[in-house]
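> what's the 3D shape of this:
(2 chains)
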Number of protein chains: 2
Amino acid sequence: MSAEAPASPRGKLFAELPPPAGGEIFQTLFSHSRCRIERIVSHGHASAPGDWYDQDADEWVVLLSGEAVLLFADGEAVSLASGDWIAIPAHRRHRVESTSADAMWLAVHCSPGD
Amino acid sequence: MSAEAPASPRGKLFAELPPPAGGEIFQTLFSHSRCRIERIVSHGHASAPGDWYDQDADEWVVLLSGEAVLLFADGEAVSLASGDWIAIPAHRRHRVESTSADAMWLAVHCSPGD
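Presented below is the predicted three-dimensional model:
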C-alpha cells in the first residue's frame, strides 16, 4: 500500500493550546480555494495603539472562550462573550481593544468571489 | 438617514437554541459566494438507516458540545468529543451514527472553486 494523505484531516480545537506568550497566536486549521479557517489564541492580547486590521477578505469570527472587545474605526465598540460571533466585511477597519487571558477565537476568512 | 443593514451582523452561538425536537436543526449563520457557515443542533439525532450524506461541497465541521460518531461509507468510524473537528472532502459519503442529547456543531461548507 502506498502512503497517502488521510481522507479526513482532523484535530482538537480545545487541545494543544500554545503556552501563554505575548501577542496573538494564529493557526490555520483548514485551507480552501476561497476560505481559510483559523484558530486564534489571544492570551490577553490587544492590538498595538493605532494598529488596525484592514483585510481583503470577509471574516466571520466567533469567540469560543473568554471575553473580548473589538473596536471599529468608525467608532463602534463590540463586547464579546463566549459564543458570540460577528461578521466583519472586508476593509471594515477594526482592532482588538482587549481580550481576557483565556480568549480563543475561530475565524473563517472568505475571499472575494464571483 | 436611510435605514441600512448593520455593518457587522452578529449573534450568539450558544443561545437561542431550538427546543428539543426530532431530527437535526440547521441554521445558516453566514453566507458567502463560496462558503456557508451553519449551526447544527442534533439533540440525539442519528441519520436514518442507509441514509448517507453525499455533498457537493467540502465541509469543515467542529463539534462544540456533546459527543458524536460519524461513519463513513468506506467503513471508517470517527468518535468526536467537544472541540474535535474534521474536514470531510466533497462526495466522501458519511452519516451521523449517533449524537448525545446536547450535541451542537459548527459547519463550514466550501463550494468547489477555481
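> which helix or strand contains the residue lying closest to residue A:29 once chain neighbours are set aside?
If the residues on either side of it in the chain are set aside, residue A:29 comes closest to residue A:37, at 4.9 Å by Cβ to Cβ, 6 or more residues apart in numbering or on different chains. Placement of C-beta: from N, CA and C, glycine included. Using DSSP states H and E, the element containing residue A:37 is strand A:35-41.
> surely residue A:32 and residue B:110 touch.
Yes: assessed by Cβ atoms under 8 Å, residue A:32 is found in contact with residue B:110 at 4.2 Å.
> overlap in contacts of those two?
Shared contacts of residue A:32 and residue B:110 (Cβ atoms under 8 Å, 6 or more residues apart in numbering or on different chains): B:35, B:58.
> and residue A:32, how far is that from residue A:99?
27 Å (Cβ to Cβ, to the nearest Å).
> thought residue A:7 was touching residue B:92?
Yes: with contact defined as Cβ under 8 Å, residue A:7 reaches residue B:92; the gap is 6.1 Å.
> what is in contact with these two at once?
Counting by Cβ under 8 Å, 6+ apart, the residues touching both residue A:7 and residue B:92 are B:72, B:74.
> which one's more surrounded, these two?
Ranked by neighbour count (other Cβ atoms under 10 Å in any protein chain shown), residue A:7 and residue B:92 place residue B:92 first, with 19 against 12.
> check what pLDDT that one gets.
Per-residue pLDDT puts residue B:92 at 95.
> which one of residue A:32 and residue B:110 is surrounded by more residues?
The neighbour count for residue A:32 versus residue B:110, taken as other Cβ under 10 Å, is higher for residue B:110 (25 against 21).
> partners of the more buried one in the sheet?
Beta bridges link residue B:110 to residue B:35, residue B:58, judged by DSSP bridges.
> hey, where'd the helices end up in chain A?
For chain A, no helices are identified by DSSP state H.
> which parts of it sit against chain B?
Residues of chain A lying close to chain B by Cβ under 8 Å from any Cβ of the partner chain are A:7-15, A:29-30, A:32-35, A:37, A:58, A:60, A:62, A:64, A:72, A:74, A:76, A:78, A:82-89, A:92, A:106, A:108, A:110-114.
> isn't residue A:69 right up against residue A:76?
No: if you go by Cβ under 8 Å, residue A:69 and residue A:76 don't touch, sitting 10.9 Å apart.
> what is the neighbour count of residue A:77?
When neighbours are counted by other Cβ under 10 Å, residue A:77 comes out with 9.
> got a list of what residue A:93 touches?
Going by Cβ under 8 Å, 6+ apart, residue A:93 touches A:52-54, A:72-74.
> most neighbours among those, which one?
residue A:72 (17 neighbours).
> one step back: which secondary structure elements does the strand holding residue A:37 contact?
Packing partners of strand A:35-41 (3 or more Cβ pairs under 8 Å, 6 or more residues apart in numbering or on different chains; DSSP states H and E): strand A:25-31, strand A:104-110, strand B:104-110.
> before we move on, back to that, out of the contacts of residue A:93, which comes closest to residue B:46?
Within those, the smallest distance to residue B:46 is 41.6 Å, found for residue A:53 (Cβ to Cβ).
> that closest one reaches residue A:91, doesn't it?
No: using Cβ under 8 Å, residue A:53 is not in contact with residue A:91, being 9.7 Å away.
> so what sits against both of the two?
With Cβ under 8 Å, 6+ apart, residue A:53 and residue A:91 have no common neighbours.
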